[in-house]
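Peer 1: What follows is a predicted structure for the sequence shown.
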Amino acid sequence: MSGVQLLDALLALTAVLQADQERELDRRGLTPSRTHLLWVLHHGGPATQAHLAHALDVTPRHITTLVDALEATGFARREPHPTDRRAVLVSLTERGAEVMRSMDDEHDAFGAALVEGLDDATVEASIRAVEHVRGRLEHLIAENERSLAERDEGR
């Protein structure tokens, strides 16, 4: 398989995964951004909005909007920080925790179903190959960004 064939297969895979994710999140009344925030809370516990902004690499204003929406839909809540009067902790509600546990279980089951019928060596080789491609993609994107920035500086 050539590099172009692999790229085309990865693009098709990305489209299928994205469409499936959007359907599943929409079914739950979530968006990818809101789910990312819930995932951080689910795996890391209650956090300040500043910590969440850093973890999601978004502005504090964007976190406020996300938390507002999650609060309004019953997935998360704000609580006073126990030691910092200026800070507020965001945590999952019982509904949010239940949805995230369910998503965690579905994630595990879906991952197992994807590799069903493949032996361990094939799965491990696939993981190495995908990680290699991801690393190359990150490198090529960074290299392109540097080239564009240098070109823009030269204007």
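Peer 2: Alright, I've got the coordinates. None of these values were measured; they are calculated from a predicted model.
Peer 1: what's the closest non-adjacent residue to the residue nearest to the spatial centre of the chain?
Peer 2: The chain has residue 36 as the residue nearest its centroid, 4.9 Å off, counting by C-alpha atoms, centre = their mean. Closest residue to residue 36 apart from its sequence neighbours, by C-beta to C-beta, 6 or more residues apart in numbering: residue 56 at 5.8 Å. Just so you know, the C-beta spots here come from the backbone N, C-alpha and C atoms, and that holds for glycine as well.
Peer 1: now the helix or strand where residue 67 lies: mean pLDDT?
Peer 2: Assigned by DSSP states H and E, residue 67 belongs to helix 60-72. The average pLDDT for helix 60-72 rounds to 96.
Peer 1: Okay, buried residues for it please.
Peer 2: Using 16 or more other C-beta atoms under 10 Å as the test for burial, helix 60-72 gives 63, 66, 67, 69, 70.
Peer 1: Can you give the distance of the lengthiest helix in the chain from its chain's centre?
Peer 2: For the chain, the helix with the greatest residue count under DSSP state H is helix 120-153. Here helix 120-153 is found 18 Å from its chain centre; the criterion is C-alpha atoms, centre = their mean, to the nearest Å.
Peer 1: which residues sit in contact with residue 33?
Peer 2: With contact set as C-beta atoms under 8 Å, 6 or more residues apart in numbering, residue 33 has these partners: 56, 58, 62, 66.
Peer 1: And the nearest residue to the third one once chain neighbours are set aside, which helix or strand is it part of?
Peer 2: Spatial nearest neighbour of residue 62, excluding adjacent residues (C-beta to C-beta, 6+ apart): residue 53 at 7.2 Å. Secondary structure assigned from DSSP H and E places residue 53 in helix 49-56.
Peer 1: what's the spacing between that helix and its chain's center?
Peer 2: Chain-centre distance of helix 49-56: 14 Å, with C-alpha atoms, centre = their mean.
Peer 1: Pull out the buried positions in it.
Peer 2: Buried, per 16+ other C-beta under 10 Å, within helix 49-56: 49, 51, 52, 53, 55, 56.
Peer 1: got it, and stretch 36-48?
Peer 2: 36, 37, 38, 39, 40, 41, 42, 46, 47, 48.
Peer 1: Among these, which lie within helices?
Peer 2: Per DSSP H, the buried residues of stretch 36-48 map to helices at 36, 37, 38, 39, 40, 41, 42.
Peer 1: Out of the residues you listed, the closest to residue 150 would be?
Peer 2: For these, the residue nearest residue 150 by C-beta to C-beta is residue 36; the value is 32.1 Å.
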